[in-house]
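**Q** Give the three-dimensional model of this entry:
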Amino acid sequence: MAQRKKGEFTTKEICAQFEVSKATLFRWEKEGRITDVWRDWRNWRLYSEQNIKEIRKIMTTGRSEKRP
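**A** Below is the predicted model of the structure:
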């Protein structure tokens, strides 16, 4: 089984940390509010420290820097 790298977080971990649903998290990703989410060998999402910063910004301001 492949090992996760330090600084990678699963969808479940992110949802628990920020108390948001998977649907909300995936919607933010689809809208471009969370960028460059990695996928593992199973095609499961892995979130980086940068993604966590983006989520914090969304949670505190209700906004994010969308990509053009």
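
**Q** Okay, now the unreliable bits of this structure?
**A** Of all residues in the chain, those with pLDDT under 70 make up the ranges 1-5, 63-68.

**Q** Go through it and flag its longest helix.
**A** Longest helix of the chain, by residue count under DSSP state H: helix 49-61.

**Q** Only C-alpha atoms, please: export that one in CSV.
**A** Extracted in CSV, the C-alpha atoms of helix 49-61 (Å, rounded to 0.1, in the frame of the first residue of the first chain):
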residue,chain,number,x,y,z
GLU,A,49,-1.0,22.8,2.9
GLN,A,50,-1.7,25.3,0.1
ASN,A,51,-5.2,23.8,-0.3
ILE,A,52,-5.7,24.2,3.5
LYS,A,53,-4.8,27.9,3.2
GLU,A,54,-7.4,28.3,0.4
ILE,A,55,-10.0,26.6,2.5
ARG,A,56,-9.2,28.8,5.5
LYS,A,57,-9.6,31.9,3.3
ILE,A,58,-13.0,30.6,2.0
MET,A,59,-14.1,29.9,5.6
THR,A,60,-13.0,33.3,7.0
THR,A,61,-14.0,35.6,4.2
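
**Q** Would you mind putting the CA coordinates of the one helix or strand Thr24 maps to into CSV?
**A** Using DSSP states H and E, Thr24 sits within helix 22-30. Taking Å, rounded to 0.1, in the frame of the first residue of the first chain, the C-alpha atoms of helix 22-30 are listed here in CSV:
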residue,chain,number,x,y,z
LYS,A,22,-17.7,16.4,1.1
ALA,A,23,-20.2,17.9,-1.3
THR,A,24,-19.2,21.4,-0.2
LEU,A,25,-15.5,20.6,-0.5
PHE,A,26,-16.0,19.1,-4.0
ARG,A,27,-18.1,22.1,-5.1
TRP,A,28,-15.4,24.5,-4.0
GLU,A,29,-13.0,22.5,-6.1
LYS,A,30,-15.3,22.5,-9.1
